[in-house]
Each structure stands twice: as structure tokens, then as C-alpha cells.
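Asker: structural data only, the sequence is not supplied:
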């Protein structure tokens, strides 16, 4: 469903009422002491009245702001200066909404080209002048990155090829120039909804792309035996390596390890297959994130109700945290991970996978991704 500016502004004027969270376990940070400012998060969500929106909330369970959407959102990115959020529609949605966190400017709707749709992810250039968004050239059966001029009215000024099919997540390397794109390998077309059209000929890959020229720096494809492992979500560790979580398109009991890492000069290496991460995670990783120090990778599976914690130096499992329908993951504090769920729960998890605190917003369903705000 598309959303136009008039509809969006009407929804914004109407407002959305979301109450504070209920503490169901642990202790809220800052209780009994002089607390530091609470960490803040943002997530797309289905709200208690069945509508959709974006919720900005604190680790103490306070809702700072909620913002309505006319259809389901997916991921949210924040500008480097901290001023703006951009929430992307869930595939095959055709809108992204720019939100001014200080409420000084009206929201802006970015509409996809008529022959493109968004895949739900994007990122800002280091200077915040450009926004890159993963998109589907569905008639050409190829992935592109739409390039939007955030400093010039949010207009689309071009696109870059992703050198693959079905791009989903993307991240920017520490050099500020090289983009890494997760080409999931799955062809879709809006005429067929969310149907997967090429499961017998998938070629998932990690593509490293020069964001200035669009040139392909490196491209790592999975071997033929793993062609049904759709590479979906990305996170960078303390050493600059790119970690990914995948989604297996075959039988769950035959699922390979779903988590791996690579770099422009480092081919894809999956975690130890003996770790049995495929069946443990029900063949599906919904989101990945690294801790603030980059030493721990969290990979969530809403289908398994489980988040695993991986030491990024050794690639070994260090913890498991079970929570029904968990999917969103984000850094918390210096070393912890925040985990959100489709049942309205948010837990702060330490490296031993112990949860404290755990908050819930009854009737709220957080979407797949969680963002810690700067």
C-alpha cells in the first residue's frame, strides 16, 4: 500500500496513543540510583488498535514518541547527525517516510519509482547528503540501490546496480566508500505478491560496491550446495568483517549453518556446521546486530523463538536466549543486546544470555528490526 503526504499528515495530526511498558522481569535501569540518560530505541510496529506506526521508546519503558504509518514498516535508519529517521515499507512496499525527531519539520514521504519497490532497508552516506535504499527492478529481475538526495528535497537522483537479485540489507564499510549488499538471490514481482519465483535457480551473494562509481569491488557467491541459503541481514564486527544471517529455502531439517562472515578480500566462511545452527534456528535468521564493542554478534529467529550470541573473534556460541517471536536485535549499553518481539516484549540480554530487564507493551507487535538511537 502506498502512502501519500496528505494521508500521512492527517494521520500525524490524529496522533497515536501508546502507554508505557509493563515491567515483567528484572529491574529497570536507573532504579534506586541516579540514572544516566536512558538508552532510546525505535521500531516499526503494529499497534494495539491494529494500525501501524513507529515507536520511539526508552530502556525504562517510556514511550517518547509514536508516529503512524498507513501500512506495515520494516527497518529504520537514523542520520549520522541524529536528526532524522527513515522508516522503509515492508517488501513490496513503495514508500519510505522521513521523520524529524525534533518535530521541527513535517514528515516527508519518499515514493519508489513506478517500476521499482523497496526491500525494506537503506542507509545514509557519512555526510547525510544521500540515502541509499535496496530496491527491486522487478521487470528487469535485478537488484538496484536507489540514491536519494536528502540535502536537496529527498529526490531520487539515480541508482546503482547491486550485481545480484533480491537485495535486502546493506551496510557501509569503515572506509566510508564501500557498500556491502546482501543479494538474497530470490526473484519476486509485485504482480505475484510475496511469491518466490526462482527457488530452483537462486544465486545469493555478498556484493561489495563502490558507492561513488557503482563499480563492483568484490562479489562472493555461495557454493552450489548452499544456493538455497538466501543471504538477508548484515552487521559489522570490531575488525570490520561483515557478518550475515540467512534464510534457508529448503527443508528445515536439512538447513545448513545460517550465519557466516566475509570481507572484500575474504571469501564467505560459514560458522562450524557442527554447531547445528540451521535446525536450531528453524532455518531462518530474522535479524543480526553486533554489540557496541563489536565483539558479540546476535542472530535472532522468530520462527524458533531464539536468539544466539556468537563471539566474533572465535565464531563460537557463547549464549542462547529464548523469547517467543523474537526478531529485532540492537546494541544495548557497552556489551549487551536488546531483543524485541512480535508480542510486544523487549529484553536486555547480557553475554551470558541472561535477561534483565524485560518489558512488554500489551497488544503491540514489534516488527522485524530494532534500532538503538544515537
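Answerer: Arrived safely. All figures in this text were calculated on a predicted structure; none of them were measured in a lab.
Asker: can you list the residue ranges for strands in the stretch 251-374 of the chain?
Answerer: 259-263, 266-270, 287-290, 296-301, 306-311, 317-322, 326-332, 336-341, 345-349, 355-360, 365-366, 371-372 (DSSP state E, counting those that start in this stretch).
Asker: now those as JSON lines including mean neighbour count, mean pLDDT and distance to residue 188?
Answerer: For the C-beta atoms, the positions are set from N, CA and C on the backbone; glycine is no exception. Listed next are these as JSON lines, based on neighbours: other CB atoms under 10 Å; pLDDT from 0 to 100; distance: least, CB to CB, whole Å:
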{"stretch": "strand 259-263", "mean neighbour count": "22", "mean pLDDT": "97", "distance to residue 188": "23"}
{"stretch": "strand 266-270", "mean neighbour count": "16", "mean pLDDT": "96", "distance to residue 188": "23"}
{"stretch": "strand 287-290", "mean neighbour count": "25", "mean pLDDT": "98", "distance to residue 188": "20"}
{"stretch": "strand 296-301", "mean neighbour count": "28", "mean pLDDT": "97", "distance to residue 188": "22"}
{"stretch": "strand 306-311", "mean neighbour count": "23", "mean pLDDT": "95", "distance to residue 188": "27"}
{"stretch": "strand 317-322", "mean neighbour count": "16", "mean pLDDT": "93", "distance to residue 188": "32"}
{"stretch": "strand 326-332", "mean neighbour count": "26", "mean pLDDT": "97", "distance to residue 188": "20"}
{"stretch": "strand 336-341", "mean neighbour count": "26", "mean pLDDT": "96", "distance to residue 188": "26"}
{"stretch": "strand 345-349", "mean neighbour count": "24", "mean pLDDT": "95", "distance to residue 188": "30"}
{"stretch": "strand 355-360", "mean neighbour count": "18", "mean pLDDT": "82", "distance to residue 188": "34"}
{"stretch": "strand 365-366", "mean neighbour count": "22", "mean pLDDT": "98", "distance to residue 188": "24"}
{"stretch": "strand 371-372", "mean neighbour count": "21", "mean pLDDT": "98", "distance to residue 188": "25"}
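Asker: closest one to residue 40 among the ones you listed?
Answerer: Comparing those against residue 40 with CB to CB, the closest turns out to be strand 371-372 (7.4 Å).
Asker: how far off centre is that closest one?
Answerer: Strand 371-372 has its C-alpha centroid displaced from the chain centroid by 10 Å (CA atoms, centre = their mean, to the nearest Å).
Asker: adding distance to residue 48, write the strands of the stretch 251-374 of the chain out as TSV.
Answerer: Output for the strands of the stretch 251-374 of the chain, formatted as TSV (distance: least, CB to CB, whole Å):
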stretch	distance to residue 48
strand 259-263	34
strand 266-270	40
strand 287-290	23
strand 296-301	23
strand 306-311	25
strand 317-322	25
strand 326-332	18
strand 336-341	15
strand 345-349	14
strand 355-360	12
strand 365-366	9
strand 371-372	21
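Asker: out of the ones you listed, the one nearest residue 146 is which?
Answerer: Among these, strand 371-372 sits nearest to residue 146 (CB to CB), with 20.2 Å.
Asker: ok, now which ones touch residue 339?
Answerer: With CB atoms under 8 Å, 6 or more residues apart in numbering as the criterion, the residues that contact residue 339 are 298, 300, 307, 321, 323, 326, 328-329, 346-349, 370.
Asker: can you say which of the strands of the stretch 251-374 of the chain is nearest to residue 249?
Answerer: Across the strands of the stretch 251-374 of the chain (criterion: CB to CB), the nearest stretch is strand 296-301, sitting at 15.1 Å.
Asker: mind giving me the packing neighbours of the closest one?
Answerer: If contacts are counted by 3 or more CB pairs under 8 Å, 6 or more residues apart in numbering; DSSP states H and E, strand 296-301 sits against strand 287-290, strand 306-311, strand 326-332, strand 336-341.
Asker: as a markdown table, the contacts of residue 339 with distance to residue 83 would be great.
Answerer: What follows is the contacts of residue 339, written out as a markdown table (distance: CB to CB, whole Å):
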| residue | distance to residue 83 |
| --- | --- |
| 298 | 27 |
| 300 | 29 |
| 307 | 31 |
| 321 | 33 |
| 323 | 32 |
| 326 | 30 |
| 328 | 23 |
| 329 | 24 |
| 346 | 24 |
| 347 | 29 |
| 348 | 26 |
| 349 | 30 |
| 370 | 20 |
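Asker: from these, which is closest to residue 62?
Answerer: residue 346 (12.0 Å).
Asker: give me the number of residues near the residue nearest to residue 197 when sequence neighbours are not counted?
Answerer: Nearest in space to residue 197, with sequence neighbours left out and distances taken as CB to CB, 6 or more residues apart in numbering, is residue 187 at 4.5 Å. Neighbour count of residue 187, defined by other CB atoms under 10 Å: 20.
Asker: quick check, residue 187 in contact with residue 167.
Answerer: No. At 11.7 Å, residue 187 does not count as touching residue 167 under the criterion of CB atoms under 8 Å.
Asker: where in the stretch 151-300 of the chain is pLDDT low?
Answerer: Along the stretch 151-300 of the chain, the parts satisfying pLDDT under 70 run over 274.
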